[in-house]
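> The following comprises the amino acid sequence and a computationally predicted model.
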Amino acid sequence: MTLEHVHGNGLFFIADPHLADHPPGQRLHGYLDQVMNKIEACLDQAQELGMIPVFLGDLFHWPRDNSNKMLVELIRIFGSRTSIFPIWALVGNHDKYQSRFTEDVSLAVLEAAGVLHLMKDSGPQFILETPTEQVLICGTPDGSPLPKKYEHQPDDPETVLWVTHHNIQFPEFIDRAYSIKELPGIDWLVNGHIHRPQTTITKGQTTWANPGNITRLTFNRRSMEREPAASIWTLGCEDLVPWVVPFLPFDHVFPDQELPAEELAAEGESKFISGLERLAWQRTHEGTGLKQFLQENLSTQTPEGHLIWGLYEEVTHHDE
């Protein structure tokens, strides 16, 4: 396979915008315009820096039934820049319908319009031509397993960067499915999906980074205190450099009411309930991808994980 060569000073990562016509969760009126403004600001900054924009998954909050107005505006925003630089996007879990990426989801519309390059299959995606040397950019979309290593081909660049949209055991999420370890042949792994920014960790050759998303979705103290940011990667850097996106004060985008109590002790219980809901939903829709979903999103080392796996085996044992 011949990969596209793209010239740029580095990569400009934009994680999990979650575009939606109607405000999700407790977000107030004006949500869509606010996120659109953030995306435009990110693309403008990427252009100013000579960087290639890469969305780390979940461009949309809902995979289908987004308004024509939203899609037309995105085609305008992205299309006006395609002559300047290509825009790349990893497929996230919110970008798929019933765990599948199909031609009837909104992200496929942008691909068909020719304004977005999609990373929808795992593996090498393009070669970044920096001013000093080449970098092989790879990706793994939601629903595909993370690579265990990368075997360089004779003509491959020396540096390999991999983008993902997965549940990874960063310091504040140690019960997630994928552990952080050296991945031979891979120099960087940059992850979306986990909205809360995490400390960058290096294991052997591989540096793991999770910059956090650009859109505050949860009404809690962490959202109130953090600044939504995109992030910049350049060849030879030790860590991603955050670029704070334009954002409104917390009380302009969330209701004027008391913050919920911090429920750290109940976190395991909420995951158990979420797991049960996901299990029931998947079973209703023919169980498509259920086993893979559980393998990627659930640890068997926690009590709630053990129980959910037990339920899975109980309801599916006659199919296997």
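Everything's here; your move.
> Show me what the strand or helix carrying residue 199 is packed against.
If you go by DSSP states H and E, residue 199 is part of strand 198-203. In terms of contacts (3 or more C-beta pairs under 8 Å, 6 or more residues apart in numbering; DSSP states H and E), strand 198-203 is packed against strand 206-210. (C-beta placed from N, C-alpha, C; glycine too.)
> angle of the strand it packs on against strand 198-203?
170 degrees (axes from the mean of the first three to the mean of the last three C-alpha atoms, to 10 degrees).
> Can you name the next helix or strand after strand 206-210?
helix 221-225.
> What's the first helix or strand after that following helix?
Downstream of helix 221-225, the next assigned helix or strand under DSSP H and E is strand 229-233.
> Now do whichever helix or strand comes after that following strand: which elements does it pack against?
Using DSSP H and E, the helix or strand that follows strand 229-233 in sequence is strand 241-244. Secondary-structure packing of strand 241-244 (3+ C-beta pairs under 8 Å, 6+ apart): strand 229-233.
> Not counting its neighbours along the chain, what's nearest residue 158?
Counting by C-beta to C-beta, 6 or more residues apart in numbering, residue 158 lies nearest to residue 133, which is 7.2 Å off, once chain neighbours are set aside.
> Quick check on that neighbour: phi, psi?
Per-residue torsions, residue 133: phi -160, psi 170 (degrees, to the nearest 10).
> what's near enough to touch it?
By C-beta atoms under 8 Å, 6 or more residues apart in numbering, the contact set of residue 133 is 157-159, 235.
> low-scoring stretches of the stretch 201-320 of the chain, by residue?
Scanning the stretch 201-320 of the chain for pLDDT under 70 picks out 262-304, 312-320.
> Which stretches in this structure count as helices?
Listed in chain order, the helices of the chain (DSSP state H) span 31-49, 68-79, 106-112, 221-225, 250-253, 267-284, 290-297, 303-316.
> The contacts of residue 133, buried ones only, as a ChimeraX selection?
In ChimeraX, this line selects whichever of those come out buried by 16 or more other C-beta atoms under 10 Å:
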select :157,159,235
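> and which of the contacts of residue 133 is nearest residue 35?
residue 235 (30.0 Å; C-beta to C-beta).
> Now the closest one: closest residue in space, sequence neighbours ignored.
Spatially, and ignoring its direct neighbours in sequence, residue 235 is nearest to residue 130 (5.1 Å; C-beta to C-beta, 6+ apart).
> List the contacts of that neighbour.
Residue 130 sits in contact with 8-10, 234-235, where contact means C-beta under 8 Å, 6+ apart.
> Let's see that with 10 Å instead.
Shown in contact with residue 130 (C-beta atoms under 10 Å, 6 or more residues apart in numbering): 7-11, 50, 52, 157, 159, 234-236.
> Span of stretch 219-230 from start to end?
The first residue of stretch 219-230 is 20 Å away from its last residue (C-alpha to C-alpha, to the nearest Å).
> Going by neighbour count, list what's buried in that stretch.
Residues 219, 223, 226, 228-230 are the ones in stretch 219-230 that count as buried (16+ other C-beta under 10 Å).
> Then stretch 204-219?
For stretch 204-219, burial by neighbour count (16+ other C-beta under 10 Å) applies to 206-217, 219.
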